[in-house]
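[1] fold the following.
(2 chains)
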There are 2 protein chains.
Amino acid sequence: MNPILVEVLRGNAVESCHAGALAIVDASGAVHTALGDIERPIFPRSAVKLLQALPLVASGAAEAFGLNDAELALACASHSGEPEHVATAAGVLAKLGLTADALECGTQWPSREPVLRGMLARGETAGPLHNNCSGKHSGFVCLACLMARNAGTDPAAFARGYVAAEHPVMREVSAALSAATGVDVERAPRGTDGCSIPTFALPLRSLALAFARAGTGHDLSDANARAARRLREAVARAPFMVGGTDRFDTRVMQAFGEQLFCKIGAEGVYCAALPALGLGVALKIDDGAARAAEAAMAVVAARLLQDRGDLLHGYSHAVLRNWRGIEVGALRPGEALTAALRAP
Amino acid sequence: MNPILVEVLRGNAVESCHAGALAIVDASGAVHTALGDIERPIFPRSAVKLLQALPLVASGAAEAFGLNDAELALACASHSGEPEHVATAAGVLAKLGLTADALECGTQWPSREPVLRGMLARGETAGPLHNNCSGKHSGFVCLACLMARNAGTDPAAFARGYVAAEHPVMREVSAALSAATGVDVERAPRGTDGCSIPTFALPLRSLALAFARAGTGHDLSDANARAARRLREAVARAPFMVGGTDRFDTRVMQAFGEQLFCKIGAEGVYCAALPALGLGVALKIDDGAARAAEAAMAVVAARLLQDRGDLLHGYSHAVLRNWRGIEVGALRPGEALTAALRAP
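    Numbers count the residues shown, from 1 in each chain, chains lettered A, B, ... in the order given. A predicted model of the protein is given here:
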């Protein structure tokens, strides 16, 4: 069993708790912090979108089709479906001469409630551009278009079915994941992600290593090292694109810029790179709770960045309120997490 | 650490898991099944609404104001805010000569998505009647009105502030909880619930005992025993009121009638009574996940009722689909839960 990373208080009593595991690794693979089982494979889900976007840049596709910072940041995003996200994804497809019909991520309503309510009040319907993965998928389609151009075939026809593991686009994505993590993902347990592409279960230690590499370029090919830097820069310049209004990743990267790249994944996953420190981070909440993943990531970021500001503390010790706005409880870091991050 | 009660699969791999504890107790207090720590106090939240409604009936208030089955079932409910729920809560208040202004549960939008979307599309706003607790609170106000009548004072003025622990209404509710559970709740850890009334942390063993008593009347006062039977009958006759469309509690009680009373609570709690077997059930998922609480309750109900039908199996082994409707995983009972419920 993994240790408790985050507790949920109601009044002064612990109401619920979240166990999990955490790996902090440097680019040489040396383990800086290990808490819980960091060797058991876990599905990283959307936490590895930056790694999945490496081929988009490394192949030259992003440059060939003139993708800007916002569009590259959106390729690494789990966005809230706000108008700027939708327009940016549509803009990528327009640069390719394509439309939302090319996306195979499925339809999802915006997670940002005021946006959702506005759409419903206006009688609008959601489409694949509103899907939180529409930027990543637009990037996949962009890569497909470069491949089609190189092969002299029709881009839309070539792109079709790009979510399948055996499609040339997804083979490149899998190869980038294998290169960064040092694990042959073709041999890893495989599932289907929310947006229909394959997701591979990998050890937290390997995921943390991949983000240490993505933050430093160490042990990556020149093309992947440059691509990782370009994507991190793009996200630092356009952090709204990677999440949205009031989202953890957006707010934290707005505050810390290139000091920290972090990205949430479904079912309680977080990955992060701290380039100046040469460290990568990967954590998984056993039960899949996003509230705990964010709180744990906030604790880790505050410790590694030696930050005592309100922003990260507001997540690691988030106040819980009821329907009348009365404060009824709070999150707090578990003792094991605090102890593991104490200066050695 | 408590054992794993429910696992979440993606493909063939376990992606997430939910630990928890389970108590099944008979009305004499003998433990039928214990899994995990059943002595640690947990906040039962809305899982004890039937117990909180005992004074409404035992006092004679429900009879004095002519509450019917639907209205009594709604007093035990965490409903989805559907039109029938809202109208029924308003109807209770109308019988008291009051309006939604008397409710102190706060405003909550309906949890039933098509209802929410319809309201937004029509430009409507939510109020306290839409709060999932509006039926319980209407019952509290009904009790306050009887107390006011007996004291010869103005009902609305007497009811005001009924959510406070020291209000005469909440004192009756606390006394009923103490009587049913055998624990003096005034000495228990206290928090504020989502609907602003006090919630007391109590051992699962005591909660299971309370529901064994509520199912059998054993060791309850005559008034509370009759009240528990009346409330169970009302819920069995109007199970839609206790939850709503596609809700676990509604569907299961529609199927099993008076064989099973069950009620979910926030943060992963379930309580149930199986009157014919003389058993009470209480379980808590450590991390607070509703998906796991429902799955575990389905496993327990199927085992105790010796049911092999599709309904409970559909919850204990719920299929998970992604944005395109593709099957990506499923829930399944943890080995410890299956083993604990195996015939002795």
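[2] report the angle between the longest strand belonging to chain A and strand B:13-26.
    Taking DSSP state E as the criterion, chain A has its longest strand at strand A:13-26. Strand A:13-26 runs at 160 degrees relative to strand B:13-26, counting by axes from the mean of the first three to the mean of the last three C-alpha atoms, to 10 degrees.
[3] give the next helix or strand downstream of strand A:13-26.
    strand A:31-35 (DSSP states H and E).
[4] sheet partners, orientation included, of that next one?
    Strand A:31-35 pairs in its sheet with strand A:13-26 (antiparallel), by DSSP bridges.
[5] chain center to the longest strand of chain A: distance?
    19 Å (C-alpha atoms, centre = their mean, to the nearest Å).
[6] confidence score at the closest residue to chain B within the stretch 101-250 of chain A?
    Chain B sits closest to A:Gly106 of the stretch 101-250 of chain A, with a gap of 3.0 Å, by C-beta to the nearest C-beta. (Glycine included, C-beta is placed from N, CA and C.) Looking at A:Gly106, its pLDDT stands at 96.
[7] and the lowest-mean-pLDDT helix or strand in chain A, what's buried?
    Here the helix or strand of chain A ranked lowest by mean pLDDT, DSSP states H and E is helix A:113-121, holding a mean of 92. Neighbour-count burial for helix A:113-121, counted by 16 or more other C-beta atoms under 10 Å in any protein chain shown, picks out A:Val115, A:Leu116, A:Arg117, A:Met119, A:Leu120.
[8] same check, this time on stretch A:301-316
    Those would be A:Ala301, A:Ala302, A:Arg303, A:Leu304, A:Leu305, A:Asp307, A:Leu311, A:Leu312, A:Tyr315, A:Ser316, for stretch A:301-316 by 16+ other C-beta under 10 Å.
[9] among those, name the ones that also lie close to chain B.
    Checked against chain B using C-beta under 8 Å from any C-beta of the partner chain, those give no members in range.
[10] reformat the residues you listed as a markdown table; add pLDDT.
    Below are the buried residues of stretch A:301-316 laid out as a markdown table (pLDDT from 0 to 100):
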| residue | pLDDT |
| --- | --- |
| A:Ala301 | 98 |
| A:Ala302 | 98 |
| A:Arg303 | 97 |
| A:Leu304 | 97 |
| A:Leu305 | 97 |
| A:Asp307 | 96 |
| A:Leu311 | 98 |
| A:Leu312 | 98 |
| A:Tyr315 | 98 |
| A:Ser316 | 98 |
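[11] can you tell me which of the residues you listed are in strands?
    Per DSSP E, these never map to strands.
[12] near chain B, which residues of the stretch 201-344 of chain A are found?
    Residues of the stretch 201-344 of chain A found near chain B (C-beta under 8 Å from any C-beta) are A:201, A:267-268, A:285-289, A:292, A:322-326, A:328-329.
[13] filter the residues you listed down to the buried ones and hand me the PyMOL line.
    To isolate the buried members of these in PyMOL, using 16+ other C-beta under 10 Å:
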select buried, chain A and resi 201+267+268+285+286+287+288+289+292+322+323+324+328+329
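[14] sorry, back to before: give me the contacts around the least confident helix or strand of chain A.
    A:Ser80, A:Gly81, A:Glu82, A:Pro83, A:Trp109, A:Pro110, A:Thr125, A:Ala126, B:Arg117, B:Leu120, B:Ala121, B:Gly123 (C-beta atoms under 8 Å, 6 or more residues apart in numbering or on different chains).
[15] now do the phi/psi pair for the first one.
    Note on A:Ser80: its backbone torsions stand at phi -90, psi 10 [degrees, to the nearest 10].
[16] nearest residue to it in space, please, no chain neighbours.
    Nearest non-adjacent residue to A:Ser80, counting by C-beta to C-beta, 6 or more residues apart in numbering or on different chains: A:Gly244, 3.3 Å away.
[17] likewise for the fifth one?
    Taking C-beta to C-beta, 6+ apart, and ignoring the residues beside it in sequence, A:Trp109 has A:Ala126 as its nearest neighbour in space, at 4.5 Å.
[18] mind listing what A:Pro239 touches?
    A:Pro239 makes contact with A:Ala73, A:Asp249, A:Thr250, A:Met253, A:Gln254, according to C-beta under 8 Å, 6+ apart.
[19] between those residues, which is closest to A:Val173?
    A:Ala73 (17.9 Å; C-beta to C-beta).
[20] quick one on the thing from earlier: how many neighbours does the residue nearest to A:Ser80 have?
    Neighbour count for A:Gly244, taken as other C-beta atoms under 10 Å in any protein chain shown: 24.
[21] pretty sure it contacts A:Glu82?
    Yes - contact criterion C-beta atoms under 8 Å: A:Gly244 and A:Glu82 qualify, at 5.0 Å.
[22] now do the shared contacts for these two.
    In contact with both A:Gly244 and A:Glu82: A:Arg112, using C-beta under 8 Å, 6+ apart.
[23] so where does the nearest residue to A:Ala75 once chain neighbours are set aside fall, helix or strand?
    Nearest non-adjacent residue to A:Ala75, counting by C-beta to C-beta, 6+ apart: A:Gly139, 3.6 Å away. Using DSSP H and E, A:Gly139 sits in helix A:134-151.
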